[in-house]
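Asker: Sequence first, then the predicted structure, then my questions.
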Amino acid sequence: MPREHPSPRLELTRRSFLRSTGTAAAACLIVPSSVLGLRGQTPPSNRLNIAGIGVGGQGASDLGSILKESPGENLVALADVDWRHAAGTFRRYPDAKPYKDYRKMLEEVKEIDAVVVATPDHVHAFASIAAITRGKHTYCEKPLTHSVWEARQVATAARQARVATQMGNQGAGSEETRRLSEVVWSGAIGPIREAHIWTDRPSQGLFNEYWPQGVPRPKDTPPVPDTLDWDLWLGPAPERPFHPAYLPFRWRGWWDFGTGALGDIGCHAFDPVFRALKLGAPLSVQASSTRVNEETYPLGSMVTYYFPARDRSIQANNPHVLGLSGPGAGEVEMPPLKLVWYDGGLRPPRPEQLPDGEMMGDNGRMLVGERGFILGSNIYPASVRKEAGEIPRTLPRLNGHYRDWVEACKSGKPAGSNFDWAGPLAETVLLGNVALRVQVRELLTRRKLEWDPVAFRFTNLPEANEFLRREYRQGWNLG
């Protein structure tokens, strides 16, 4: 694997983030729960020793939310390849030892119980498996991985290690998600055969709100900032010169680093639909889009998934998921479903029953049933909405997505978006990106991609199977 070679200047910067040697020595007295044979249980101090990997952006938010929802947990180490971007987090948590290379951190800081992964997408699987195989409870931001194959590997590794896991789709345990399941399972809008999900990302408006897509690779090669380890930032991705077009955050639109609008929003937006409609692997997927190149995702796309009819038993399809069963769950028919994803500002046709003046919004979700439809959290027509108001709340509610994971780390009870749930969800989301690949785009104008989740392959277009996983840069191997 690539090794860290910090310059003298970077070593001086690192020391400036550490407190006195007394503080560092005291940190070594903290005993991890795993050393005491308490994997998945509460340590004697009732405090988790947590480390962060990728802490300059979303990672900073994740760590702050964990400590807010579960005050008293102990942050012991932080790893980020971009020390300028992560400087605020290092200052906020001066007792946590800073690193550039997360692998070195995991080897040296033995007291770590749990790890939060919020790197760019292309490193998610590597950082997560590095933590999981060391027996660390793992929280990983969405999408769980960069490729379909990686999602399968990460979920399998977590199951074998028996550690507590959670994906960062924060709405998974929300009131809105619970309520959608209760309404759908009541049969209020009847059997649902069609669903639509849309987002305005990636916005390319006046203020370029999100990130660029549909652009070529930059040709100039500016110098690498001395606070950034570019080799470590690339990680398993193919070698290329540094350019500020890739970071921070703008990496999302590049095939080598991100997963586009679908990867960014899909695991958030698909989750409540998958729970309410008991979805598993799709039968097929097809896509259309604006022009695609080999560097970035298209400016706008539509991806259509087809799912088979499902068993009426809620737990039959999702035995590992917290809060999917409850009184009345499973009374409604679950027929075959067409789910359509739209990004880049595209959206489905306006429903005829939607009253004039009411907006569909730039980001939204719609489930279409035989008796009506649910747009966001609103039920139409009004007569059905009135009936739905009487549906009881039967599912357990959570005290927070992050606290759910912390409690799972201590109790052994699975968190609501654990990797047994999040892995298959991420697989389905990322199948859509395979259908957007420029190399198979023309072939797919005449057919759907037919998916066999057991054999883990597309059965009718072998050319597409190579995009289920990716080649890694020399020195980086996942398994």
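Answerer: That came through, no problem.

Asker: And the residue nearest to Ala125 when sequence neighbours are not counted, how far from Ile112?
Answerer: Nearest residue to Ala125, sequence neighbours excluded (C-beta to C-beta, 6 or more residues apart in numbering): Glu150, at 3.8 Å. Every residue, glycine included, has its C-beta placed from N, CA and C. To Ile112, Glu150 is 23 Å away according to C-beta to C-beta, to the nearest Å.

Asker: How about Pro392?
Answerer: 43 Å.

Asker: Pro308 now?
Answerer: From Pro308 to Ile112 the distance is 42 Å (C-beta to C-beta).

Asker: Report how many residues lie close to Trp230.
Answerer: Trp230 has 16 neighbouring residues, counting by other C-beta atoms under 10 Å.

Asker: my read: it touches His243, true?
Answerer: No: assessed by C-beta atoms under 8 Å, Trp230 is found out of contact with His243, at 9.8 Å.

Asker: returning to that earlier point: in a helix, the residue nearest to Ala125, correct?
Answerer: Yes: under DSSP: H, G, I helix; E, B strand; the rest coil, Glu150 falls within a helix.

Asker: and it, what is it in contact with?
Answerer: 124-125, 144, 469, 478 (C-beta atoms under 8 Å, 6 or more residues apart in numbering).

Asker: and what of Tyr402?
Answerer: 62, 65-66, 68-70, 139, 166, 170.

Asker: Repeat that for Glu294.
Answerer: 255, 438-439.

Asker: and it, what pLDDT?
Answerer: Per-residue confidence at Glu294 stands at 91 (pLDDT).

Asker: so which strand or helix has it?
Answerer: For Glu294, there is no helix or strand it lies in under DSSP states H and E.

Asker: Kindly report the same for Lys338.
Answerer: strand 337-343.

Asker: The helix or strand just after that strand: partners in the sheet, and parallel or antiparallel?
Answerer: Counting by DSSP H and E, the next helix or strand C-terminal to strand 337-343 is strand 364-369. The pairing partners recorded for strand 364-369 under DSSP bridges are strand 192-198 (antiparallel), strand 373-375 (antiparallel).

Asker: how far off strand 337-343 does strand 364-369 point, in degrees?
Answerer: 160 degrees (axes from the mean of the first three to the mean of the last three C-alpha atoms, to 10 degrees).

Asker: Output strand 364-369 as CSV, nothing but the C-alphas.
Answerer: As requested, C-alpha coordinates have been extracted for strand 364-369 and formatted as CSV (Å, rounded to 0.1, in the frame of the first residue of the first chain):
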residue,chain,number,x,y,z
GLY,A,364,-39.6,15.0,-4.3
ARG,A,365,-41.2,11.6,-4.1
MET,A,366,-44.5,10.2,-5.4
LEU,A,367,-46.1,6.8,-4.9
VAL,A,368,-49.0,6.1,-7.2
GLY,A,369,-51.7,3.7,-5.9
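
Asker: what's the spacing between it and its chain's center?
Answerer: 22 Å (C-alpha atoms, centre = their mean, to the nearest Å).

Asker: what sits against the spatially most central residue of the chain?
Answerer: Centroid-nearest residue in the chain: Lys142, 1.2 Å away (criterion: C-alpha atoms, centre = their mean). Lys142 sits next to 167-169, 263-264, 267-268, 422, 426 when contact means C-beta under 8 Å, 6+ apart.

Asker: Likewise for Ala415?
Answerer: With C-beta under 8 Å, 6+ apart, Ala415 has these contacts: 164-166, 322, 404-405, 407-408.

Asker: again, 7 Å this time
Answerer: 164-166, 322, 404-405, 408 (C-beta atoms under 7 Å, 6 or more residues apart in numbering).

Asker: and the gap between it and Gly173?
Answerer: Ala415 is 8 Å from Gly173, by C-beta to C-beta.

Asker: Show me the domain layout of the chain.
Answerer: 8-170, 173-207+257-395+419-468 (automatic domain parsing).

Asker: ok, now which ones touch Ser70?
Answerer: Counted by C-beta under 7 Å, 6+ apart, Ser70 has contacts 402-403, 406.

Asker: hang on, I meant Gly171
Answerer: Contacts of Gly171 by C-beta under 7 Å, 6+ apart are 177, 268, 271-272.

Asker: So between Pro392 and Ile112, which is more surrounded?
Answerer: With neighbours defined as other C-beta under 10 Å, Pro392 and Ile112 compare such that Ile112 has more, 24 against 10.

Asker: Which of the three states applies to the more buried one?
Answerer: Quick answer, by three-state DSSP: Ile112 is coil.

Asker: Which residue is the nearest non-sequential neighbour of it?
Answerer: Ala51 (4.7 Å).

Asker: What strand or helix carries that neighbour?
Answerer: Here Ala51 is assigned to strand 49-53, by DSSP H and E.

Asker: pLDDT of stretch 203-220, averaged?
Answerer: On average, stretch 203-220 scores 76.

Asker: burial of the closest residue in space to Pro225 that isn't next to it in sequence, as a residue count?
Answerer: With sequence-adjacent residues excluded and distances taken as C-beta to C-beta, 6+ apart, Pro225 is closest to Arg84, at 6.4 Å. When neighbours are counted by other C-beta under 10 Å, Arg84 registers 14.

Asker: got a list of what Arg84 touches?
Answerer: 225, 227-228.

Asker: Nearest to Ala388 among these?
Answerer: Set against Ala388, the nearest of the contacts of Arg84 by C-beta to C-beta is Leu228 (52.0 Å).

Asker: Enumerate the beta-bridge partners assigned to the closest one.
Answerer: Here Leu228, judged by DSSP bridges, has bridge partners Asp82.

Asker: That one contacts Asp80, doesn't it?
Answerer: No: the criterion here is C-beta atoms under 7 Å, and Leu228 misses it with Asp80 at 9.7 Å.

Asker: Give me the more crowded residue out of the two.
Answerer: Asp80 (30 against 20).

Asker: per-residue confidence for the closest residue to that one other than its chain neighbours?
Answerer: Residue nearest to Asp80 in three dimensions, not counting chain neighbours: Ala86, with 3.7 Å by C-beta to C-beta, 6+ apart. Predicted confidence (pLDDT) for Ala86: 97.

Asker: What count of nearby residues applies to Ala86?
Answerer: Neighbours around Ala86, by other C-beta under 10 Å: 25.

Asker: swap in the one 10 residues further on?
Answerer: Residue crowding around Ala96 was assessed by other C-beta under 10 Å; the count is 24.

Asker: quick one: the lengthiest helix in the chain to chain centroid distance?
Answerer: Assignment by DSSP state H gives helix 260-277 as the longest helix of the chain. From the chain centre to the centre of helix 260-277 is a distance of 9 Å (C-alpha atoms, centre = their mean).

Asker: what's in contact with that helix?
Answerer: 121, 142-143, 167, 169, 171-172, 176-177, 180-181, 184, 192, 195, 197, 199, 201-202, 213, 252-253, 279, 297, 303, 324, 334, 337, 339, 341, 343-344, 365, 367, 425-426, 428-430, 432-433.

Asker: Among the residues you listed, name the ones in strands.
Answerer: Among the contacts of helix 260-277, DSSP state E puts 167, 192, 195, 197, 303, 337, 339, 341, 343, 365, 367 in strands.

Asker: Which of those residues has the largest number of neighbours?
Answerer: Ranking these using other C-beta under 10 Å puts Met167 first, with 34 neighbours.

Asker: Quick one: residues contacting that residue.
Answerer: Met167 neighbours (C-beta under 7 Å, 6+ apart): 140, 142, 144, 267, 417, 419, 422.
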